[in-house]
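**Student:** task: produce atomic coordinates for the following.
(chains A and B)
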Amino acid sequence: MTVLRLGGASLVVRQRAVAVSLVLLVLLAVALVLAVSLGKPYVAPGDVLRSLSGAGTPYDVVVQRLRLPRAVLAVAVGVLFGVAGALIQSVARNSLASPDIIGITQGAGLAATVALTSGAAAAVIAPSALAGGLLAAAMVLALGARHGLAAKRFVLAGVAVAIALRALTEIVMLTAEPIDGQRAHIWLVGTLAGRGWTETLWLSGTLVVLLPVLFWAGWALRTSALDDDTARGLGTRPVARRVGLAAAGVLLAAMVTAQVGAVDFVALVAPQVARRLVRAERPPLVAAGLTGALLVVLADLVGRLVFAPTQLPAGVVTAAIGGPYLLFLLVRRKQ
Amino acid sequence: MKLTAQDLAAGYHDRAVFEGLDLELPDGAFTVIVGPNACGKSTLLRTLARLLPARQGTVLLDGSDITSLPTREVARRLGVLPQSPLVPEGVTVSDLVGRGRQPHQRWWQQWSPEDTVAVASAMEQAGVASLADRPVDQLSGGQRQRVWIAMALAQRTGTLLLDEPTTFLDLAHQVEVLNLLRGMRDGGSTVVAVLHDLNQAARYADHLVAMRDGTVVAAGPPREVVTVDLVRDVFGLDSVVVPCPVSSAPLVLHI
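**Tutor:** Modelled structure (predicted):
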């Protein structure tokens, strides 16, 4: 444990969490350079760096207009999903709880599908998805809150809501015009293709606005692993804390899903990988965000390269990683 | 008086555990609450510690209504150890003891030099300093209980409520915990514990509270309170009460 001081303020950090985060940052930088340089045409890492420094290379369009915005968006998407997952898993005390399991993604998906198939303007889709995600979360929280957001009920309520919403989405898609159904389907898998600075701006804006909340969250999570009586005895209000932490996680998850669709399993996998790397009792926020970023950058890169010229949406690749990971979690739990 | 209950009522769902309960817990004393299973002693402790909201009546801490104080302020003056606290996975002893400092910290002031001192001396006092870097979930029951007490000590509250701190411990560890609590009392703290064993209660308590069916049957120094009649009244057992050959406290032998 190390204490960072700045004037009257102080912050507790763990050495191992700092070390892991630094390593992840380096890996992320490498992955970013790869994401910008690989593909057709191939741009040598040296040329990537030269172009980014404004030296003016023949690759400026490819690097600055096509690949960089997408790679940076991948970072933002990963960070938001990673942090959102870490918050929700900590509150639920359950490694399976994540926005794509407990209905937030499905709520956003249903709202976006309705918007897409009803011929609404493109500008309406992200706000409706955001509203859908938040509404679904409110529903889950209301169902779980009857028991003070006790871990198991909260997750079960979420799974039930997720299933119901997914079924509704299918109904909307099947009864819509085939072309609209197709568009909704593409939105639902979550892709970074054709997206860039606008979405990044929204996501980083959300992150900046929520930064004080995240500092508070990093602190409030210290009592999240204690039982309610012990936490109350320490002068905290555990239910209020859980609602606050869950609300922050939900907002992040709904925001990112609204911008890029359902990039599944990042919020599930990243916090648990980060937790194992840091060896903490709960997912560490910063490391979870960085792990998420690394995961999405790599998933998008793989989706872009493996079946080129066909592009796989990043959400398909993350789901392909997430499925086996889920099995791994289940098998390990039995032992 | 440290803690006073006035016309207190509490319960769970539609079941009232006790009603109209009055009780005074003396300052600087080791108070033990005894009684048969389901007599309401744990519920009383949780209500006194504001973990369970009272349905009626008031709990006074140093003369002021506990619900009128901010919960953080209460946590600086009153510590509480629930019956079997959940041990967070993989947390080290010093980390867990450090969480006792929560009521003295803010999210923008997460650690002060005072915290370091309080944690070190709490671990020393509870005899867990040598375990500082061990994960709590790998310790034995007795060590674990001392770690929880260390956490409460780090909180520096002056008053500590404990719900059956010796349950699930073998005799040697029970004595260890009781001696630790008596040491806290000697240091000026007010200690209130729910215990199962009447003889241990009689031996360690300065002030004994006997409960049955949600009512306080007797309260006072063990030598005055523990009688053949009380044991029959509270536990429904016939017994003889003799002076303990070691401590001269009343010793109950059932027939």
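**Student:** okay, strands next: where are they in the chain?
**Tutor:** Reading this off chain A. With strands called from DSSP state E, chain A shows them at A:2-6, A:9-13.
**Student:** let me rephrase: I mean chain B.
**Tutor:** B:3-12, B:15-25, B:30-34, B:56-61, B:64-65, B:79-81, B:159-163, B:190-194, B:207-212, B:215-220, B:239-243, B:250-254.
**Student:** which among these is found nearest to chain A?
**Tutor:** For these, the distance to chain A is smallest for strand B:79-81, at 3.9 Å, taking C-beta to the nearest C-beta. C-beta coordinates here come from the backbone N, C-alpha and C atoms, glycine included.
**Student:** for that closest one, packing partners?
**Tutor:** helix A:228-233, helix B:141-154, strand B:159-163 (3 or more C-beta pairs under 8 Å, 6 or more residues apart in numbering or on different chains; DSSP states H and E).
**Student:** ok now that strand, how far from the chain's centre?
**Tutor:** How far strand B:79-81 lies from its chain's middle: 7 Å, per C-alpha atoms, centre = their mean, to the nearest Å.
**Student:** same check, this time on stretch A:288-300
**Tutor:** The chain centre lies 9 Å from the centre of stretch A:288-300; the measure is C-alpha atoms, centre = their mean.
**Student:** what comes into contact with it?
**Tutor:** A:21, A:24-25, A:27-28, A:31-32, A:35, A:70-71, A:74-83, A:85-86, A:192, A:263, A:266-267, A:269-271, A:273-275, A:277, A:314, A:317-318, A:321 (C-beta atoms under 8 Å, 6 or more residues apart in numbering or on different chains).
**Student:** show me the residues you listed that map onto helices.
**Tutor:** Among these, DSSP state H puts A:21, A:24-25, A:27-28, A:31-32, A:35, A:70-71, A:74-83, A:85-86, A:266-267, A:269-271, A:273-275, A:277, A:314, A:317-318, A:321 in helices.
**Student:** count the neighbours of the residue lying closest to B:L25 once chain neighbours are set aside for me.
**Tutor:** Sequence neighbours aside, B:L3 is the residue nearest to B:L25 in space, at 4.3 Å (criterion: C-beta to C-beta, 6 or more residues apart in numbering or on different chains). Around B:L3 there are 22 other residues, counting by other C-beta atoms under 10 Å in any protein chain shown.
**Student:** B:L3 pairs with what?
**Tutor:** Counting by DSSP bridges, B:L3 forms beta bridges with B:L25, B:L61.
**Student:** so it sits against B:L48, correct?
**Tutor:** Yes: under the criterion of C-beta atoms under 8 Å, B:L3 makes contact with B:L48 at 5.7 Å.
**Student:** which neighbours do those two have in common?
**Tutor:** Both B:L3 and B:L48 are in contact with B:25, B:59, B:192, where contact means C-beta under 8 Å, 6+ apart.
**Student:** and the nearest residue to the second one once chain neighbours are set aside, how many residues sit next to it?
**Tutor:** With C-beta to C-beta, 6+ apart as the measure, B:I66 is the residue that lies nearest to B:V59, at 4.5 Å, once sequence neighbours are left out. For B:I66, the tally of surrounding residues (other C-beta under 10 Å) stands at 22.
**Student:** who's in contact with B:I66?
**Tutor:** B:50, B:58-60, B:74, B:78.
**Student:** and for B:A120?
**Tutor:** Counted by C-beta under 8 Å, 6+ apart, B:A120 has contacts B:A129.
**Student:** how near is it to chain A?
**Tutor:** Noted for B:A120: a distance of 13 Å to chain A, by C-beta to the nearest C-beta, to the nearest Å.
**Student:** and that residue, what pLDDT?
**Tutor:** pLDDT, B:A120: 93.
**Student:** kindly export stretch A:173-181 (C-alpha atoms) in PDB.
**Tutor:** Extracted C-alpha coordinates of stretch A:173-181, given in PDB (Å, rounded to 0.1, in the frame of the first residue of the first chain):
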ATOM      1  CA  MET A 173     -36.700  -7.400 -35.700                       C
ATOM      2  CA  LEU A 174     -38.700 -10.200 -37.200                       C
ATOM      3  CA  THR A 175     -41.800  -8.100 -37.700                       C
ATOM      4  CA  ALA A 176     -39.900  -5.200 -39.300                       C
ATOM      5  CA  GLU A 177     -38.900  -4.700 -42.900                       C
ATOM      6  CA  PRO A 178     -36.100  -7.100 -43.700                       C
ATOM      7  CA  ILE A 179     -33.700  -4.300 -44.500                       C
ATOM      8  CA  ASP A 180     -34.400  -2.500 -41.200                       C
ATOM      9  CA  GLY A 181     -34.000  -5.800 -39.400                       C
END
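**Student:** list the buried residues in that stretch.
**Tutor:** A:173, A:176, A:180-181 (16 or more other C-beta atoms under 10 Å in any protein chain shown).
**Student:** residues making contact with that stretch?
**Tutor:** Outside stretch A:173-181, the residues touching it (C-beta under 8 Å, 6+ apart) are A:113, A:116-117, A:119, A:184-185.
**Student:** now do the end-to-end distance for stretch B:88-98.
**Tutor:** 13 Å (C-alpha to C-alpha, to the nearest Å).
**Student:** hmm, it touching chain A?
**Tutor:** Yes: counting by C-beta under 8 Å from any C-beta of the partner chain, chain A has neighbours in stretch B:88-98: B:88-91, B:94-95, B:98.
**Student:** pull out the buried positions in that stretch.
**Tutor:** Those buried within stretch B:88-98 under the rule 16+ other C-beta under 10 Å are B:88, B:90-98.
**Student:** likewise stretch A:48-58?
**Tutor:** Applying 16+ other C-beta under 10 Å to stretch A:48-58 flags A:48, A:50-51, A:57 as buried.
**Student:** show me what from chain B comes close to chain A.
**Tutor:** Counting by C-beta under 8 Å from any C-beta, the residues of chain B that sit close to chain A are B:46, B:49-51, B:70-76, B:79-82, B:85-86, B:88-91, B:94-95, B:98-100, B:102-103, B:107-112, B:155.
**Student:** buried subset of those, written for ChimeraX?
**Tutor:** To isolate the buried subset of the residues of chain B next to chain A in ChimeraX, counting by 16+ other C-beta under 10 Å, use the following:
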select /B:46,49,50,51,71,72,74,75,76,79,80,81,82,85,88,90,91,94,95,98,99,100,102,103,110,111,155
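**Student:** what about the residues of chain B next to chain A, which are in helices?
**Tutor:** Going by DSSP H, the helices hold B:46, B:71-76, B:94-95, B:98 from the residues of chain B next to chain A.
**Student:** quick check, nearest of those residues to A:G196?
**Tutor:** Checking those against A:G196 with C-beta to C-beta, the nearest one is B:D95 at 42.6 Å.
**Student:** doesn't A:M1 make contact with that closest one?
**Tutor:** Yes: in this structure B:D95 lies within contact range of A:M1 using C-beta under 8 Å: 7.1 Å.
**Student:** one step back: nearest to chain B, of the buried residues of stretch A:173-181?
**Tutor:** For the buried residues of stretch A:173-181, the nearest to chain B is A:M173 (41.4 Å; C-beta to the nearest C-beta).
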